[in-house]
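S.K.: Return a 3D structure for these sequence lines:
(chains A and B)
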Amino acid sequence: MSKNNELVDDLVAKLKRRQLVGSSTVSQATLKLLIVVISKSNWTTCNQLVTIVKTVGQRLVQANPTELAVGNIVRRVLHVIREEFHEAESTISHKNQASTSEFHAAPLTTSSSMYNLLGETGSTPDKNLQFPSSLRSNIIQEIREIKDELENIYDNIKNQASLQIHSNEIIMTIGRSKTVEEFLKMAAVKRKFQVLVAESAPSYSGQEMALELSKAGIETTVIPDSAVFAVMSRVNKVILGTHAVLANGGLVAISGTHMMAAAAKHHSIPVVVCTGLYKLSPLYPYDEDTFNVQFNPDSVLGFEEGDLIDKVTVTNPYYDYVSPEFVNLFITNQGGHPPSYLYRLIVENYDPNDHSFDL
Amino acid sequence: MPPKERVESSEQVLQAVILADSFDERFQPITLETARCLLPLCNVPLISYTFEFLAVAGVQEIFVFCCSHSDKVKAFVKQYGKSSNMKIHTIVSQECMSVGDAMRELDAKQLIDTDFILVTGDVVSNMKLDKVLEEHRARRQADKSAIMTMVLKKASPQHRSRAVGDGSLFVLDQSSKECLHYQPVKAFKSTRQDRRMTMGMEIFDKHPEVQIRNDLIDCQVDICSVEVPALFTENFDYQDIRADFVHGILTSDLLGKTIHFHEVSDVYAARVRSTQMYDAISKDIISRWTFPMVPDSNLQPDDCYEFRRGLVYKERSVVLSRTCVVEEKVVIGANTQIAENSVLSNCVIGKNCIIGANVKIDNAYIWDNVTIKDNCVVQHSIIANGAVLEQEVTISKGCLISFNVIVGANTTVPAYSRLTTLAEDEDDDSDATLISDPAVVGATGRGRSFKEAEVSDSEDEEVDPKNKLVNRLAFDLSILELEHQALNDSASDFESEGSDSEVDTVNPAEELDREIAQTLERAFKEGHDIDIAALELNTLRMASNSNFHEMRKRIIPGVLRNIDLTAKVGSGNTVKEVLARWGPLIGKMIHDEADQVDGLFILQRACAGLHGDISQAQKLFAPALRYFYDVDITEEDSILGWYHSEKSRQGTETERKLRDVATPMIEFLEQSSEDDEDDEDDEDDEDE
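M.R.: Numbers count the residues shown, from 1 in each chain, chains lettered A, B, ... in the order given. Here you go, the predicted model:
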């Protein structure tokens, strides 16, 4: 147990210090930690295990509340745990039913999300049911499946590339997203098209993106962020990466994305967002700043400019909130979905009891 | 990630030494009651920032040196160590009086076996040291004599994160990253030593190209090799790591050690060296220059700050009334309550504070459990834990209100006050009771104003009091200048319109005033020879790096002041006698024609300055002018030049009248040289 704590402390510290950033890295680290926590700690009932995982999850989420993927992964794991217990319980009660032939009120044990929607939630198994020892390994097995899913996420997304990108199209994107990069590279295998990348000041990650794309033989042009609107009329499709997708279908994405999406909407150009499902968060944005990170202003105004920094306030928000009406399509590892369908994915992947980690 | 205990100590464990004591008194009286490194900076103890900085650098073992309030530091470190995976040891040594002592102690205990990071307990930085460490190790491999790498941050000399008066000048070789010379820079260069930099010429033999730089913040983050503590032991008189150690190593021919530097830009690094720096760094943290070390990263485990627009950081449990205004750059700690109509801007408020209605807080740092009642105003000050401000209290800027002070109702605490509740004599621990000073804290208050202990011990170098002042919170250099102008004797009134009273020159000017006044007085009293007096004055001039104009400005009034207009002939104090005796001294300060004209201006001003009444002043001026002319201190041309210049017509009424006094003499002079000077008349006409 103490060793578990140590590992949790370690990950918490890394998240706090931002030594681990990026949805993909943090979610893998979280998953790895949770596997250890679940396999090493003592629990017998569903509630116990949920409490353990939630406590860890709460600490991780608090360490860096803007890395929404951490919370998402913890919720996925909790969902898996609840389902596994449910299944185990139903098999046991079936046996009981068979032996005592007494009616047991749980006919709808299929853990369909529709069932949860109808309101009877959290019928967590209580009593002193003896769960089979295979339960632990079943849960771990399920979590490993999530892990596999995380590892293969790019493959699943990029396989849809040729459906989205057609020959001689002009695609616009912003910032550097591994998902978009893989997606475009995959499309380039079959098709010939042109990509415009906004440089994404002040991080200039768009420039890196352009470099990577051009290395893959894609015809790439870097444009300044301010030129996005001007060239938008020539573009056929905007393909964006994102840091997180919120419950309403809104995006938390690199700053500049909102401007690009708005320009696209003005020109009625489709906006496609490539994202793994692990970025889908059941949280709702109450204001635009909730999930934002204000970075060091150094990249906007050098700290060396001593006389100036006294007199001005410099803010350097890293993310933009893009509301769902700007997005036409999400391409996830489970296929393409319109923003209005996201609620369904949330219900399927997360248990409503886990949206907040308060115990 | 293996737990740290498993790491074999034979492997390279990265060690760091934190000097938790600052060995100075800049935060007194607050630091009389707690350790400097535990002061909250944006509601997080200072040393936490240092721990965090080292943790990011991958340090596994830390030695914390502390001497004053060691029990408190120890308790904090123990608590901190629980939640951290670094091994933190506290070393208490009461007789530690300086960095040098700490290093000698370190050497004696043999705690360090590899290269280590040496920092002070007040560093705030978000830089990553891995590159520096790598560089240092590579250099050590190549050259064993490279014993230390200093990390320097680039920033312009006027940068707010640079401690005023704690500057340092580095002579560097960019190609070999070697530091060649070091010189501390004070704000007021009062002694000759402060004003000069002496550097060995042999530096240029080995380093054809050197940089002399004053744009580096020295945040005293050093990568030291094991030899460094040993060197401190060998040179037992080294105290300061920079002024003594670095300077000593670099100027020593025998040791043959070298010190290198690593220059960082685009990261943050600064030290809380003074209250002024405390202010600046707090602002930097709030403005997120230290990212990711910002309040909303919640460095302390139970913190839960949220970021709001306008750089406002608020704990979840804060209670804000509906009408209070939280302007920008504010940090508010847990469970703090703020009542109606209060206005907060640019401030940090600690945990569990209660702030009443209609309170205005600007630029202030309010620590935990402070109560501020209705209608108070707090400006640019630090208020420590547990203090209470009753109703309608005004705290002017630059105050330090120490722990548990109570300021009674309707009191105004003047600027730069330092209040404490400690009894007067803190040296002997006899329970001397506190005598509250109602003049300072009001009738119902509790506390007294704190007077800094005079540094009367055998400090070999005297510290200019002004250099102490500049470090203070909310210190404004312009105030210092104003104060000086008020203090300066009448001599400073003579400063011409181009009064170049820059910060740097104010002090030497005053120094010179005093020195010259003394020299003259001595000369008058003891009846020195003119030559001897002139020699003394010239020496002064050279020592202060001054010019003849400055000398004249002081000597002419000095001599004139000696004249007693009512004295009887023979007393030695009449105009004639004094001029006859000391006039040549003035002559010694006047050389070419420009000097002569200048001398006359000074004479004009001096006479007017000494006697506001024209009838008195002319009694002084006329004979003096006559004398100047007679003994050829000033020549005819210069007198005419003076008379016709615009400048002589300006000034006070007395000054202008004095010019008229000279008119008969001018007419005489002009007549005698009418033939060759025609154009004079034209100008005279314009004059009418």
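
S.K.: In the stretch 251-359 of chain A, where is pLDDT below threshold?
M.R.: Scanning the stretch 251-359 of chain A for pLDDT under 70 picks out A:306.

S.K.: Give me every residue in it lying close to chain B.
M.R.: Contacts of the stretch 251-359 of chain A with chain B, taken as CB under 8 Å from any CB of the partner chain, map to A:289, A:294-299, A:302-307, A:309-310, A:313-316. To be clear about C-beta, it is placed using only N, CA and C from the backbone, and glycine gets the same treatment.

S.K.: Got a quick PyMOL command for the buried subset of the residues you listed?
M.R.: Of these, the buried ones go into a single PyMOL selection, burial set by 16 or more other CB atoms under 10 Å in any protein chain shown:
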select buried, chain A and resi 289+294+295+296+297+298+303+304+306+309+314+316
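
S.K.: Show me the residues of the stretch 251-359 of chain A next to chain B that map onto strands.
M.R.: Assigned to strands by DSSP state E, none of those qualify.

S.K.: Quick one: residues contacting the nearest residue to residue A:305 once chain neighbours are set aside.
M.R.: Computed as CB to CB, 6 or more residues apart in numbering or on different chains, the closest residue to residue A:305 that is not its neighbour in sequence is residue B:156, at 7.5 Å. Listed by CB atoms under 8 Å, 6 or more residues apart in numbering or on different chains, the contact partners of residue B:156 are A:304-307, B:215.

S.K.: Residue B:73 now?
M.R.: B:20, B:35, B:37-38, B:47, B:64, B:66, B:90.

S.K.: Which of the helices or strands spans it?
M.R.: In this structure, residue B:73 sits in helix B:70-82 according to DSSP states H and E.

S.K.: Please state the offset of that helix from the chain centre?
M.R.: 32 Å (CA atoms, centre = their mean, to the nearest Å).

S.K.: quick one: buried residues of that helix?
M.R.: Here helix B:70-82 shows B:70, B:73-74, B:76-77, B:80-81 as buried, counting by 16+ other CB under 10 Å.

S.K.: Adding pLDDT, write those residues out as TSV.
M.R.: Shown next, in TSV, are the buried residues of helix B:70-82 (pLDDT from 0 to 100):
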residue	pLDDT
B:70	84
B:73	88
B:74	89
B:76	89
B:77	89
B:80	86
B:81	82
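
S.K.: re the thing from before, give the helix, strand or coil label for the residue nearest to residue A:305.
M.R.: Using DSSP: H, G, I helix; E, B strand; the rest coil, the structure places residue B:156 in coil.

S.K.: what does chain B put close to chain A?
M.R.: For chain B, the contact set with chain A under CB under 8 Å from any CB comprises B:1, B:3, B:52, B:55-56, B:83-85, B:126, B:154-162, B:215, B:265-268, B:287-292, B:294, B:297-299, B:304, B:307-309, B:311, B:328-329.

S.K.: now with 6 Å?
M.R.: B:1, B:3, B:56, B:154-156, B:158-160, B:266, B:288-289, B:291-292, B:297, B:309 (CB under 6 Å from any CB of the partner chain).

S.K.: which of those residues count as buried?
M.R.: Buried among these (16+ other CB under 10 Å): B:56, B:154-155, B:159-160, B:288-289, B:291-292, B:297.
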